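In: Sequence and computational prediction follow.
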Amino acid sequence: MTIGQELLHELTLEAEVTRKFLVSVPFDKAGYKPTEKSETLGRLAIHVAEIIAWWTSVIETSKLDFIDFEPKDIKSSKELLDYFDNLLADAKKSLSNVKDEEFEKEWSMSYGEDLLFSLPKKQVARLFCMNHLVHHRSQLGMYLRLLDIPVPATYGPSADDENVILISRFGVQ
């Protein structure tokens, strides 16, 4: 199995969970912020979706420059899910075709002339594509919790899962 195939398998599993979180985002509350320093719910949800594009960028390019980056203007769940699904399809295609040697090459993230980092693509895939996705998805889960919206199960049941309620209330195993 190639590195790309291994990462593709992991991304596919994480994307299934991520999509459940994105489905739960109420766009009528897109402006919600749990604290003044927090990002809005809508922007965070879009960021969770757009992180998927980094997979394609890492595999197919040597650098991502944020100097001219403009976040996608998304106003509905359907738009968000379509955006996510399209980026995921591109990422899966890139991961399916990539040769192992590509992951040894350097990849950089910059903001104009300011180099943010430069690392081997294999590290970028793990740290900034996968871990960054999981990090922000977790934040999204906290926003959902604070809004009293059921939080999807991630690596096991969430507190909103019916089985957890049975276990905690009745000791049922």
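Out: Done, it's in. Residues are numbered from 1 along each chain as shown.
In: Need the per-residue pLDDT for the spatially closest residue to His132 that is not a sequence neighbour.
Out: The shortest distance from His132 to any non-neighbouring residue, by CB to CB, 6 or more residues apart in numbering, is to Ile51 (5.8 Å). C-beta coordinates here come from the backbone N, C-alpha and C atoms, glycine included. Ile51 is assigned a predicted lDDT (pLDDT) of 97.
In: number of nearby residues for Ile51?
Out: For Ile51, the count of nearby residues is 22 (other CB atoms under 10 Å).
In: ok, it to Leu127 distance?
Out: Distance from Ile51 to Leu127, counting by CB to CB, to the nearest Å: 12 Å.
In: cool, and Val151?
Out: 25 Å.
In: When those two are compared, which one has more neighbours?
Out: When Val151 and Leu127 are compared for neighbours, Val151 comes out ahead with 19 against 12, by other CB under 10 Å.
In: Where does that one sit: helix, strand or coil?
Out: Using DSSP: H, G, I helix; E, B strand; the rest coil, the structure places Val151 in coil.
In: Ok, Ile74 next?
Out: Of the three states, Ile74 takes coil according to three-state DSSP.
In: The one 4 residues further on now?
Out: Here Lys78 is helix, with the state taken from three-state DSSP.
In: Tell me how many other residues crowd Leu80.
Out: Residues near Leu80, counting by other CB under 10 Å: 23.
In: likewise Phe103?
Out: 21.
In: again with Leu22
Out: The tally of other residues near Leu22 (other CB under 10 Å) stands at 22.
In: same deal with Cys129?
Out: Neighbours of Cys129 (other CB under 10 Å): 24.
In: returning to what we had before: can you pull the contacts of the residue nearest to His132?
Out: By CB atoms under 8 Å, 6 or more residues apart in numbering, the contact set of Ile51 is Cys129, His132, Leu133, His136.
In: average model confidence for the helix or strand hosting the second one?
Out: Spelled out, that is His132. When secondary structure is defined by DSSP states H and E, His132 falls within helix 132-146. For helix 132-146, the mean pLDDT works out to 97.
In: buried ones in it?
Out: Judged by neighbour count (16 or more other CB atoms under 10 Å), helix 132-146 contains these buried residues: His132, Leu133, His136, Arg137, Gln139, Leu140, Gly141, Tyr143, Leu144.
In: helices or strands next to that helix in the packing?
Out: Applying 3 or more CB pairs under 8 Å, 6 or more residues apart in numbering; DSSP states H and E, we find helix 132-146 packed against helix 3-23, helix 41-50.
In: From Ile67, how far out is the residue most central in space within the chain?
Out: A centroid search over the chain (CA atoms, centre = their mean) returns Leu133, at 3.3 Å, as the residue closest to the centre. Per CB to CB, Leu133 is found 23 Å from Ile67.
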